[in-house]
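**Q** I need the structure of the sequence given here:
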Amino acid sequence: MTRLIGASIVFIVTAAIPGARAENVQAASDAIVWNLRIASEEAGRGDISSALADTRAAIALDPNRFDGWYELGSLLGQTGDFPAAEAAFRRAIELKPDLAKAHFGLALALIGNPQGKMDWTGAIAECREAVKYQHDYPEALNLLGAGLSATGQQDAAITELQHAIQLSPALAEAHFNLGLALESKERFDEAAQEYRAAIAARGAYPEAVSALGNLLLRIGKSVEAEQALNQALRLNPDLTNAHYALARLLRSLDRKSEAAVEFAETKDLTDRPENGIQSSQISNQALELAAKGDMAGAAALLRKAIALKPDYGVPHYNLGLISADRGDTDSALQELIKAISLLPGQAKPWFDYGRVLKRAKDDKQALEAISWAARLAPSDTRIQSELASAHGSKPTQDIVSNLDFAVSQPKVGAFTDSAKDHRAFALELTNHGDIQGSVGELLRSLSLEPASIETRRLLAESYVRIGDNHHAILEYYKVIRSDPDYVETRIAMGKILLADGDAEGAVNQLTIALGHRPDSDEARVALVQAKKALSNPQ
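**A** Numbers count the residues shown, from 1 in each chain. Coordinates of the predicted model:
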């Protein structure tokens, strides 16, 4: 009887397959559209990690949807994972060869390598493909022009960039790139006109303002050049070429102390990529020590890597794993939280954070973290297995398929790509005494919002706390450039200059501070000390 009932059931189900399949296909299609729509909304709010999770969920439902792969490539490009973005765009093009925006996205990925290994030849080819399928594509023409200019084909670049501007007169980047191409041909008046057009089109366009300042310096207009370069640095204090041009200008005007600061900032900004490379190398050396069983040595190296580049998430992640292996659960959780903050779209930090929480008997948060890891990497069987274990006897497939309805992103550190969230997390870390971690979060915040005076002030204060006077002074200078009347900053800077042995600079800053606030006892006392040090050099 059981067999007959079973056979009947099988027969009925088999007979119903065509209709059921249609319903399932429609349901899957609806789910894909829903996931991509939600991902778009999340990306619009700056929540890139959530957008990545929902986009990957859409692709898991149908790996042959070109729009899912295109959206994934766009999101990965925003996170700086250019090799993965390239792979996603290539898959989108494989599925739909005439998708112009995917060719353009691929071109962007090919020149986005942070180590500077830009494939301009490949990018030019992809831009030509984009324009072939969509003739009125000013953004692709602009990038094509930039690529031609970068490869020495200036006349062809000018033609393509002028075409882009004809299609979109308000495209600031095209005016900027045309200015660069014209300047390389020594057509200085036309170049200046294009730089100004770029600034007018966008408003706050620090790169264009800096380029204009460099051009004005090149043709001997010192006063206008200084104004433009200072304006560029108010908009973005991390423009290396603006600092260097301003340093050269100040030196030519015999303003030696000001020039020294600008040269120091140029060197610091130039050294940053090298620091990142060294941090990565040291992190790898630490893993080799860990593999040999030297956990203490590995932890020491990882801390050195973090000091070199506080906003690099990988050493934080590895230090968290080593701390967990050594039984230091609290330190492990702290480092993994920082890793998650710096690598919000990566599944592994979430997964291992969940595993450490599970070891600490915090089952609820552990389940949230592992569930989120499963959303970020739905095909990772190890994560699915751990998730099934955390749920007890429920089948893994049921859990993963229902994650969209059951899981919201855990509130852990500054896990979004939001400057405000990273700044808030930095303050939280400071309150817990983790100043180095705070520096990393503030640097991440500034990478998203470089003109934030408040973040730079907090960063300067953090540098003071860890005894890094050099970087503190540079950050205070950036705050003062953006807000010359910021009295508290001038007082703080005067004190740190005095502590660093620059009594003349301290006197200058404290005198200006007293001019703004004559009743400041703090500034008056510090000025007396600075003048005494200036008159009695050791």
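
**Q** Break the chain down into its domains, please.
**A** 1-135, 428-535 (automatic domain parsing).

**Q** Mind telling me which of those domains the model trusts least?
**A** Of all the domains of the chain, the minimum mean pLDDT falls on domain 1-135 (a mean of 77).

**Q** which stretch among the domains of the chain comes nearest Phe351?
**A** domain 1-135 (13.3 Å; Cβ to Cβ). For every residue, glycine as well, the C-beta is placed using N, CA and C.

**Q** so which helix or strand takes in Ala156?
**A** helix 154-167 (DSSP states H and E).

**Q** What of Ala204?
**A** Judged by DSSP H and E, Ala204 forms part of no helix or strand.

**Q** What of Arg272?
**A** Here Arg272 is assigned to helix 256-291, by DSSP H and E.

**Q** Which strands or helices does that helix pack on?
**A** Applying 3 or more Cβ pairs under 8 Å, 6 or more residues apart in numbering; DSSP states H and E, one finds that helix 256-291 contacts helix 240-252, helix 295-308, helix 313-325, helix 469-482.

**Q** before we move on, back to that, need the domains of the chain in CSV (columns: mean neighbour count and distance to Lys221).
**A** Converted to CSV, those look like this (neighbours: other Cβ atoms under 10 Å; distance: least, Cβ to Cβ, whole Å):
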stretch, mean neighbour count, distance to Lys221
domain 1-135, 17, 31
domain 428-535, 19, 21
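
**Q** okay, the helices and strands packed on helix 256-291, which one's buried deepest?
**A** helix 313-325 (a mean of 23; mean count of other Cβ atoms under 10 Å).

**Q** Can you dump the C-alpha atoms of that one in CSV for me?
**A** C-alpha atoms of helix 313-325 as CSV (Å, rounded to 0.1, in the frame of the first residue of the first chain):
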residue,chain,number,x,y,z
GLY,A,313,42.2,45.0,7.1
VAL,A,314,44.2,41.8,6.3
PRO,A,315,46.7,42.0,9.2
HIS,A,316,43.8,42.8,11.6
TYR,A,317,42.1,39.6,10.4
ASN,A,318,45.2,37.5,10.7
LEU,A,319,45.9,38.9,14.1
GLY,A,320,42.4,38.0,15.2
LEU,A,321,42.9,34.4,14.0
ILE,A,322,46.2,34.1,15.8
SER,A,323,44.7,35.6,19.0
ALA,A,324,41.9,33.1,18.8
ASP,A,325,44.4,30.2,18.4
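
**Q** CA atoms of the helix or strand just after that helix as CSV?
**A** Using DSSP H and E, the helix or strand that follows helix 313-325 in sequence is helix 329-342. Only the C-alpha atoms of helix 329-342 are listed here, as CSV (Å, rounded to 0.1, in the frame of the first residue of the first chain):
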residue,chain,number,x,y,z
THR,A,329,39.1,35.5,22.8
ASP,A,330,38.6,39.2,23.7
SER,A,331,41.6,40.3,21.5
ALA,A,332,40.5,38.0,18.7
LEU,A,333,37.0,39.6,18.7
GLN,A,334,38.4,43.1,18.8
GLU,A,335,40.7,42.5,15.8
LEU,A,336,38.0,40.6,13.8
ILE,A,337,35.6,43.5,14.3
LYS,A,338,38.2,45.9,12.9
ALA,A,339,38.8,43.5,10.0
ILE,A,340,35.1,43.4,9.3
SER,A,341,35.0,47.2,9.4
LEU,A,342,37.8,47.5,6.8
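
**Q** Report all helices and strands that helix 329-342 contacts.
**A** Using 3+ Cβ pairs under 8 Å, 6+ apart, helix 329-342 is in contact with helix 313-325, helix 347-359, helix 419-431, helix 435-448.

**Q** quick one: the next helix or strand after the second one to helix 329-342, angle?
**A** Put plainly, it is helix 347-359. Sequence order places helix 363-376 as the next helix or strand after helix 347-359, per DSSP H and E. Helix 363-376 and helix 329-342 are oriented at 30 degrees to each other (axes from the mean of the first three to the mean of the last three Cα atoms, to 10 degrees).

**Q** export the domains of the chain to a markdown table and tack on distance to Pro378?
**A** Shown next, in a markdown table, are these (distance: least, Cβ to Cβ, whole Å):
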| stretch | distance to Pro378 |
| --- | --- |
| domain 1-135 | 5 |
| domain 428-535 | 27 |
